[in-house]
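*Asks:* Below are the sequence and a predicted model for it; my questions follow.
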Amino acid sequence: MKNFIEKLQAKPYETRVKILWSSVLVTGVILVAIFVFNLKNTVSNIDSKDLIKLNPDTKTSPLTSTAYVLVERVERSSSLLKVYFNYNNPNDDILNVSKLSDIILNVENDNLIAQKITDRQGNIFVQKILSHTQNFGILYFPATTAKNGTLILDQMFMEKTPSDIFQQTLELNLEELSKATNVRN
């Protein structure tokens, strides 16, 4: 090997440059060939049945047994229904919260989509709840006169297992939750 390198160093500059570019070209062709064969193998092993879902409208996330969300109270006005809630993540993993479009309040067989979600200071609510933490927020829905409702928080998942999507449903007594609570000192 040492003799080969010495012979290469003894050659003129132009010859060494030609040898360099030739070896780069050959190495590139080999890498492209490996990439193409691996791509062909990957594409041939794809199961085409799972590529297209027949019912993309239906969300069938399994219900979680852990209570991540708790509704504390609601405020009603002529134009809005504010739902005060808190997320509590007791796990060692990061909880990814539902997007705004995945939060539904079902009242009297009518689905109300959340209009806005903020923290208690009016800032944008966090997207991830860190392990062993609690975050407080407000959900804004269109006004309703219903007495009861079901709050559905869908498409939640843990950071380490993003394919395990789940939902939480909460049965709400809107009349009881809108009553003023006693303030403690």
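*Replies:* Cool, got the structure.
*Asks:* which strands and helices sit next to the longest strand anywhere in the chain?
*Replies:* The residue-count maximum for a strand in the chain (DSSP state E) belongs to strand 161-173. Contact partners of strand 161-173 among helices and strands, from 3 or more CB pairs under 8 Å, 6 or more residues apart in numbering; DSSP states H and E: strand 69-76, strand 148-158. Every residue, glycine included, has its C-beta placed from N, CA and C.
*Asks:* Now do the shortest one: which elements does it pack against?
*Replies:* Of the remaining helices and strands, those touching strand 69-76 by 3+ CB pairs under 8 Å, 6+ apart are strand 80-89, strand 148-158, strand 161-173, helix 174-177.
*Asks:* To residue 3, which of those lies closest?
*Replies:* Using CB to CB as the measure, strand 161-173 is the one of these that comes nearest residue 3, at 55.9 Å.
*Asks:* just the angle between that closest one and strand 80-89, please?
*Replies:* Angle of strand 161-173 versus strand 80-89, following axes from the mean of the first three to the mean of the last three CA atoms, to 10 degrees, is 130 degrees.
*Asks:* now the helices and strands packed on strand 161-173 as CSV including mean neighbour count, distance to residue 9 and mean pLDDT?
*Replies:* Putting the helices and strands packed on strand 161-173 into CSV (neighbours: other CB atoms under 10 Å; distance: least, CB to CB, whole Å; pLDDT from 0 to 100) gives the following:
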stretch, mean neighbour count, distance to residue 9, mean pLDDT
strand 69-76, 16, 71, 90
strand 148-158, 19, 58, 90
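*Asks:* Now the longest helix along the chain: buried residues?
*Replies:* Secondary structure assigned by DSSP state H gives helix 13-44 as the longest helix of the chain. For helix 13-44, the neighbour count (16 or more other CB atoms under 10 Å) marks no residue as buried.
*Asks:* Quick check: mean pLDDT of it?
*Replies:* On average, the pLDDT along helix 13-44 is 94.
*Asks:* Quick check: which helices or strands does it pack against?
*Replies:* helix 2-10.
*Asks:* Mind giving me the packing neighbours of the helix it packs on?
*Replies:* Helix 2-10 packs on helix 13-44, going by 3+ CB pairs under 8 Å, 6+ apart.
*Asks:* and the helix or strand bottoming out on mean pLDDT in the chain, how far from the chain's centre?
*Replies:* In the chain, the helix or strand scored least confidently by mean pLDDT, DSSP states H and E is helix 174-177, which has a mean of 84. Using CA atoms, centre = their mean, to the nearest Å, the mean C-alpha position of helix 174-177 is found 31 Å from that of the whole chain.
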